[in-house]
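>>> Give the three-dimensional model of this entry:
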Amino acid sequence: MSEKKQPGVWEGFKAFLMRGNVIDLAVAVVIGAAFTNIVNSVVKGIINPLVGAIGTQSLDSYSSCLKDPCTGTGDTATGIRIMWGSVLGATLSFVITAAVVYFLMVLPMSKFLARQAARQKAKEGAQEVIEVSELEVLKEIRDALVAQRGPGNSRN
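Numbers count the residues shown, from 1 in each chain. Below is the predicted model of the structure:
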């Protein structure tokens, strides 16, 4: 009785790593991490000071007191605070990231793919027109040959 050898764990792992989409995903994660640093810098360097023109310099300091007395900061704080400023900062970072990804990556790529699909469709349409016109020409030649033979000379 012959037994089929199952691939080992190492071979399966190598096959998994060599798939193209795993490498693409790894590149995307690295680029995304670098891009996150840029967006966080924009939020901390530009957005927070703009918000600071209205209130404080840091969104993290915005909070509401849920249970009095809310005094102190850090470990010495008393009461229960809801730190909604940090949530607002994270939300702004997410919205900016999503907007940049959409407008600089997704939208141009979808337009490029749509143009490419339109070109391919036009190319296929032109090929079909050429094939149809060749068929029509062959029919006309056939009809001309049949007409030259006359009505009594047709061989079918």
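>>> Give me the contacts around the one helix or strand residue 80 maps to.
Assigned by DSSP states H and E, residue 80 belongs to strand 78-82. Residues outside strand 78-82 that contact it (Cβ atoms under 8 Å, 6 or more residues apart in numbering) are 63-72. C-beta here means a position set from N, CA and C on the backbone, and glycine is covered the same way.
>>> what's the answer for stretch 51-68, then?
47-49, 70, 79-86, 88-89, 92.
>>> Surely residue 92 touches residue 44?
No. Judged on Cβ atoms under 8 Å, residue 92 makes no contact with residue 44 at a distance of 10.3 Å.
>>> And the lowest-mean-pLDDT helix or strand in the chain, what's buried?
Within the chain, no helix or strand scores below helix 48-52, which has a mean of 73 by mean pLDDT, DSSP states H and E. Going by neighbour count (16 or more other Cβ atoms under 10 Å), the buried part of helix 48-52 is 48, 51.
>>> Return the backbone torsion pair for residue 53.
For residue 53, the backbone dihedrals (degrees, to the nearest 10) come out as phi -60, psi -30.
>>> Could you report the neighbour count for it?
7 (other Cβ atoms under 10 Å).
>>> For it, report the pLDDT, please.
With respect to pLDDT, residue 53 has a value of 78.
>>> Could you do residue 61 as well?
74.
>>> Go through the protein and flag its longest strand.
Identified as the longest strand of the chain according to DSSP state E is strand 64-71.
>>> that older thread, from the chain's centre, how far out does the strand holding residue 80 sit?
Offset of strand 78-82 from its chain centre (Cα atoms, centre = their mean, to the nearest Å): 41 Å.
>>> and the helix or strand that comes right after that strand, average pLDDT?
Once the chain leaves strand 78-82, the next helix or strand it forms, by DSSP H and E, is helix 84-101. What helix 84-101 shows for mean pLDDT is 80.
>>> Could I get the full set of helices for the protein?
9-18, 20-42, 48-52, 84-101, 107-149 (DSSP state H).
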